[in-house]
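Colleague: Sequence first, then the predicted structure:
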Amino acid sequence: MIKTSTPNDILRILYNEATEEEKQALTSSFLFDELLEETYETFKELLEQLDLVGMNPSQKTVDAILTYSKSYSLHSTE
């Protein structure tokens, strides 16, 4: 039976959530499926670009979260 790789398989590999056998199977598939290899490379580039974005919440957002959390008093369940 031939296993068809999906975008989810590619993401699992890029996020190191796949087994070594799955990684090897995917890279072997590149020999026969140019579109799959292009998809892998595109996803890989996108993940690298996401790492460069460096997003931080504004001070207004942080203040709103802190105010909200202070509005709750913790009650003991005893």
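Modeller: Received, thanks. All of these numbers come straight from a predicted model, not from anything done at the bench.

Colleague: Closest to the centroid, which residue in this structure?
Modeller: Closest residue to the average C-alpha location of the chain: Tyr15 at 5.9 Å, with CA atoms, centre = their mean.

Colleague: which ones are touching it?
Modeller: Shown in contact with Tyr15 (CB atoms under 8 Å, 6 or more residues apart in numbering): no residues. Where C-beta positions appear, they are placed from N, C-alpha and C, glycine not excepted.

Colleague: how near is it to Phe43?
Modeller: According to CB to CB, to the nearest Å, Tyr15 and Phe43 sit 10 Å apart.

Colleague: Likewise for Glu34?
Modeller: Taken as CB to CB, the span from Glu34 to Phe43 is 15 Å.

Colleague: Could you check which of those two is surrounded by more residues?
Modeller: Phe43 (15 against 9; other CB atoms under 10 Å).

Colleague: Once you drop chain neighbours, what's closest to the more buried one?
Modeller: Leaving aside its sequence neighbours, Phe43 sits nearest to Ile10 (CB to CB, 6 or more residues apart in numbering; 5.4 Å).

Colleague: Tally up the residues packed near that neighbour, please.
Modeller: 20.

Colleague: ok now the one helix or strand it maps to, how far from the chain's centre?
Modeller: Using DSSP states H and E, Ile10 sits within helix 7-14. Relative to the centre of its chain, helix 7-14 is centred 9 Å away, using CA atoms, centre = their mean, to the nearest Å.
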